[in-house]
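1. Mind looking at a prediction? Sequence and model below.
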Amino acid sequence: MHWYLDVLKKYVAFSGRARRQEYWMFVLFNAIAAIILAVLDAVLGTQPVLIAIYYLAVLLPSLGVFVRRLHDTGRSGWWILFGIVPLVGGITLLVFACLEGERSQNAYGPDPKSGYAAA
C-alpha cells in the first residue's frame with residue numbers, strides 16, 4: 001500500500017526515477033480501486049460518476065510515475081506522447097515500462113535500487 005501512497009505524495013514530481021516495482025504496484029492498486037468504484041457506481045446507479053472522479057484525481061500522479069519510469073530506462077518523459085500512435089505507441093510504452101532501469105546514474109538521477117536515490 002505504501003507504493004500507492006508514495007506515488008500520490010509525489011503527484012506532480014516529473015523528475016527523478018521510478019523503479020518497476022513502484023510503477024507496477026501503483027498500476028495494480030489503481031486497477032483494484034477502479035474495479036471497486038465501478039461496482040459501487042453500478043450498485044448506486046451513478047454509472048460513470050465515481051470512476052470519472054477517481055480517474056481525474058489520479059491523472060497527474062499516473063503521468064508523473066510513468067514519466068519517472070521512462071526516466072529510469074534512460075528515456076525522456078516526452079516519449080509518453082508516442083502513446084498517441086495507434087497500437088504501436090501503446091505496445092512500445094508497455095515494453096518500456098517493463099524494461100529494467102539503468103543500473104547506474106543517468107541524466108535523470110541516481111539508480112533508485114541503490115538505496116540513496118533522492119526522493
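-> Yep, it's here.
2. and the lengthiest helix in the chain, which residues are buried?
-> When the chain is parsed with DSSP state H, its longest helix is helix 20-44. Burial within helix 20-44, assessed by neighbour count using 16 or more other CB atoms under 10 Å, is assigned to 20, 22-27, 29-30, 33, 37, 41. C-beta here means a position set from N, CA and C on the backbone, and glycine is covered the same way.
3. now the residues you listed as TSV including distance to Ser76 and pLDDT?
-> As requested, these are arranged in TSV below (distance: CB to CB, whole Å; pLDDT from 0 to 100):
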residue	distance to Ser76	pLDDT
Arg20	18	94
Glu22	19	93
Tyr23	17	96
Trp24	21	96
Met25	24	96
Phe26	20	96
Val27	21	97
Phe29	26	96
Asn30	24	96
Ala33	29	96
Leu37	33	96
Asp41	37	95
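4. ok, those vs Pro112, which is closest?
-> Glu22 (7.6 Å; CB to CB).
5. Verify the stated contact: that closest one with Gly64.
-> No - the pair Glu22 / Gly64 is not scored as a contact, 11.1 Å apart, by CB atoms under 8 Å.
6. Closest to Tyr11 out of the buried residues of helix 20-44?
-> Phe26 (11.2 Å).
7. Where does pLDDT dip in this protein?
-> 115-119 (pLDDT under 70).
8. go with 80
-> Applying pLDDT under 80 to the chain flags residues 1, 114-119.
9. Which residue of it lies farthest from its centroid?
-> Within the chain, Gly45 marks the point farthest from the mean C-alpha position, 29.6 Å out by CA atoms, centre = their mean.
10. residues making contact with the longest helix of the chain?
-> Contact partners of helix 20-44, identified using CB atoms under 8 Å, 6 or more residues apart in numbering, comprise 1, 3-4, 6-7, 47-51, 54-55, 58, 61-62, 65-66, 68-69, 72, 97-98, 100-101, 112.
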